[in-house]
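Colleague: Whatever this is, show me its structure:
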Amino acid sequence: MAGDFAHRYPNVNRFVFERGWIEIGADEYSRSLIQALDLGGLVWEGKAGYDSLDEALVDLEHGLAQWMKEVAVDE
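Modeller: A predicted model of the protein is given here:
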């Protein structure tokens, strides 16, 4: 099962194991349902709502791919 997640969301998997953490869920402190953070703070923030958790994770996957490219995270 873990291999399936890593295969489907390689950037999310890499980010969590090498850089930071993700937060999923609505609360009164954030306007987004899903976020990626590292020790420096907010790295990526999603939308306020999604039709499914999978849709949120796909958005996170693309967002982290772009972020890693912009900050030139070593391959």
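Colleague: what's around residue 55, how many residues?
Modeller: Residues within reach of residue 55, counting by other C-beta atoms under 10 Å, total 15. Every C-beta, even on glycine, is put in place using the N, C-alpha and C of the backbone.
Colleague: how near is it to residue 37?
Modeller: Per C-beta to C-beta, to the nearest Å, residue 55 is found 20 Å from residue 37.
Colleague: same thing with residue 65?
Modeller: Separation of residue 65 from residue 37 (C-beta to C-beta): 17 Å.
Colleague: got it, and residue 48?
Modeller: Distance of residue 48 to residue 37, given as C-beta to C-beta: 17 Å.
Colleague: So the two - more neighbours on which side?
Modeller: Neighbour totals were compared for residue 48 and residue 37, and residue 37 leads with 16 against 10 (other C-beta under 10 Å).
Colleague: Let's verify the more buried one: helix, strand, or coil?
Modeller: strand (DSSP: H, G, I helix; E, B strand; the rest coil).
Colleague: what are the bridge partners for it, then?
Modeller: Counting by DSSP bridges, residue 37 forms beta bridges with residue 21, residue 42.
Colleague: Going along the chain, name the strands of the protein.
Modeller: 20-24, 34-38, 41-45 (DSSP state E).
Colleague: what comes into contact with the last one?
Modeller: Looking back up the chat, that one is strand 41-45. Contacts with strand 41-45, where a contact means C-beta atoms under 8 Å, 6 or more residues apart in numbering, come from 15, 19-20, 30-32, 34-37, 60, 63-64, 67.
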